[in-house]
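Novice: Starting from these lines, generate the structure:
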Amino acid sequence: MHPLLILGIGITIVIGMIVVLRINAFIALISAALVVSMLAPGPLAEKVIRVADAFGQTAGKIGIVIALAVVIGKCMMDSGAADRVVRAFLSLLGEKRSATALMASGYVLAVPVFFDTVFYLLVPLARSMTRRTGKHYLKYALAIAAGGVITHSLVPPTPGPLFMAANLGIDVGVMIIAGALVALPAAFIGMLLAGWFDRRMNIPLRPTGTGEAEPEPFDDSELPPLWISLLPILLPVVLISTGTIVKTIAKDAAEGSSLRHFADVVAVLGNVNLAMLLATAIAMWMLKSKRQLTLARLSKVVEVSLMSGGIVILITAAGGAFGAMLEAADVGSAIGELVPGDSGGIVLLILGAVIASVMKIAQGSGTVAMITASSMVAAMIPSTESLGYHPAYLATAIGGGSMICSWMNDSGFWIFVKMTGLTEAEGLKSWTPLLAIMGLAAVVVSLILAVVLPLA
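Specialist: A predicted model of the protein is given here:
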């Protein structure tokens, strides 16, 4: 069977099972992987085995990090560390720049904490600021969305960017730096758009659509110090990024030199699994000491958070298996024949963003869109060197594409609408175009950097 036909069957299975049959993305992706494997060349006896092998390899790359990131996020929320970070931004920037403070808080907190949790945390502050100023409710809400969604889509250890880094062979430290770099101008554009939508729509403060009472904020005395609150976020970022930088500097150093020995030590500390484990230990200690938890209660908090992270690990690993089976079906060579050789890298970057946006429109989840698009594109690349630019730009373009056209099949859309009290129509007029323009900005910035600063 022709590889492109196999690709079409795989995509149809994924979209059909998720959108039409409403089946969980894990079942959809693993089913598509099995069907594609059966249709791909190879011994019949190995066609199921290689799906399981690819699933295990992907889980080995990203499973530990995702699990630890979930624990860090839960501990930061329950200890008040996340609240402390937000108040620090508000204090630093002042009331006149409170929208910028909320955006910056979302930008930072969405690195280790999932977007929905960040939004739950920050929306009460947006409502409080609106009561104080009497205006700018939509601006505050959209500023939170802008900061939270952009790093959730581009910066590890959130599942989508982390999976893309593993799938495309990108060092996690490089992915963090590249993701944050591309995210900054997109977040700035999001801030400008938040103000524009606020002036145009002028939505007043409304009761939330959840019917739940707003949580009582912590008193300042109940919050941990700022430096400890930031440590679970900054420590892994610093360790991983430092490891990447030192490894690059020491690449040409003589064997046995002091620089090479130092690079080996930093490589251990900068390993993403160890760095995240150290950050998790700090976050757990902070929660236990600040809330005076018993070890049994702390263990329960960790257990609950790990249970919520399990499904994310399953979905990302199934996406890895799907991508590996597309590669086994030789989809990359088939598509490579359709792409001009002298522009293939740039075409793939644009194609990755388009595939991610189509998957986003079809099934709603940005993470699933990133997983599927990067798996498909990875199967099309003979080698990362053939791109002509660093594959991190390909990943950030796919992440940007996964933000385009967030509508009523996206859980993020409903979180925004229900937590702010907006109508569905107002959400489509504000949230949807905000994310689309920011996503497009991320794609454009990725394209420009791939041409101007390829790092190949």
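
Novice: nearest spatial neighbour of His136, skipping sequence neighbours?
Specialist: Beyond its immediate neighbours in the sequence, the residue positioned closest to His136 (Cβ to Cβ, 6 or more residues apart in numbering) is Asp198, lying 5.6 Å away. For the C-beta atoms, the positions are set from N, CA and C on the backbone; glycine is no exception.

Novice: Repeat that for Ile189.
Specialist: Nearest residue to Ile189, sequence neighbours excluded (Cβ to Cβ, 6+ apart): Ala441, at 5.0 Å.

Novice: List the residues that contact that neighbour.
Specialist: 185-186, 189, 400 (Cβ atoms under 8 Å, 6 or more residues apart in numbering).

Novice: Could you list the low-confidence segments of the protein?
Specialist: Low-confidence segments of the chain, defined by pLDDT under 70: 208-217, 332-333, 335-344.

Novice: Let's see that with 50 instead.
Specialist: With pLDDT under 50 as the threshold, the chain has low-confidence stretches at 210, 341-342.

Novice: Gly63 and Ala317 touch, don't they?
Specialist: Yes - using Cβ atoms under 8 Å, Gly63 and Ala317 qualify as a contacting pair, with a distance of 6.9 Å.

Novice: Could you point out which of the contacts of Ala441 is nearest to Gly134?
Specialist: Minimum distance to Gly134 across the contacts of Ala441 is 26.7 Å, recorded for Ile189 (Cβ to Cβ).

Novice: Within the helices and strands, which one has that closest one?
Specialist: Ile189 is part of helix 172-201, with elements assigned from DSSP states H and E.

Novice: which helices and strands sit right next to that helix?
Specialist: Under the contact criterion of 3 or more Cβ pairs under 8 Å, 6 or more residues apart in numbering; DSSP states H and E, helix 172-201 touches helix 98-109, helix 137-154, helix 159-167, helix 226-249, helix 391-401, helix 424-452.

Novice: mind redoing it with 6 Å?
Specialist: When contacts are defined as 3 or more Cβ pairs under 6 Å, 6 or more residues apart in numbering; DSSP states H and E, helix 172-201 packs onto helix 137-154, helix 159-167, helix 226-249, helix 391-401, helix 424-452.

Novice: could I get these as JSON lines with distance to Leu278?
Specialist: Shown next, in JSON lines, are the helices and strands packed on helix 172-201 (distance: least, Cβ to Cβ, whole Å):
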{"stretch": "helix 137-154", "distance to Leu278": "21"}
{"stretch": "helix 159-167", "distance to Leu278": "17"}
{"stretch": "helix 226-249", "distance to Leu278": "6"}
{"stretch": "helix 391-401", "distance to Leu278": "24"}
{"stretch": "helix 424-452", "distance to Leu278": "30"}
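
Novice: Out of those helices, which is the most enclosed?
Specialist: Using mean count of other Cβ atoms under 10 Å, the stretch among the helices and strands packed on helix 172-201 with the largest mean neighbour count is helix 391-401, at a mean of 32.

Novice: ok, residues contacting that one?
Specialist: 153-154, 164, 168, 170, 174-175, 178-179, 182, 349, 352-353, 356-357, 370, 373-374, 384, 439, 442-443, 446, 449-450 (Cβ atoms under 6 Å, 6 or more residues apart in numbering).

Novice: Identify the residues contacting Gly243.
Specialist: The contact partners of Gly243, by Cβ under 6 Å, 6+ apart, come to 173, 266-267, 270.

Novice: Spatially nearest residue to it (excluding sequence neighbours)?
Specialist: Gly270 (2.0 Å).

Novice: Likewise for Met129?
Specialist: When the adjacent residues along the chain are set aside, Met129 lies closest to Ser98, with 5.0 Å between them (Cβ to Cβ, 6+ apart).

Novice: Quickly note the distance from that neighbour to Val85.
Specialist: 15 Å (Cβ to Cβ, to the nearest Å).

Novice: Gly60 too?
Specialist: Distance from Gly60 to Val85, by Cβ to Cβ: 32 Å.

Novice: now swap in Ala362 and tell me
Specialist: Ala362 is 35 Å from Val85, where distance means Cβ to Cβ.

Novice: Quick check: the residue nearest to His136 touching Leu138?
Specialist: Yes - under the criterion of Cβ atoms under 6 Å, Asp198 is in contact with Leu138, at a separation of 4.4 Å.

Novice: Output the longest helix belonging to this protein.
Specialist: In the chain, ranked by residue count with DSSP state H as the criterion, the top helix is helix 295-328.

Novice: Check which helices and strands it is in contact with.
Specialist: Using 3+ Cβ pairs under 6 Å, 6+ apart as the contact test, the elements touching helix 295-328 are helix 25-39, helix 49-79, helix 159-167, helix 366-380.

Novice: and the shortest one with helix 137-154, angle?
Specialist: For helix 159-167 and helix 137-154, the angle between their directions (axes from the mean of the first three to the mean of the last three Cα atoms, to 10 degrees) works out to 20 degrees.
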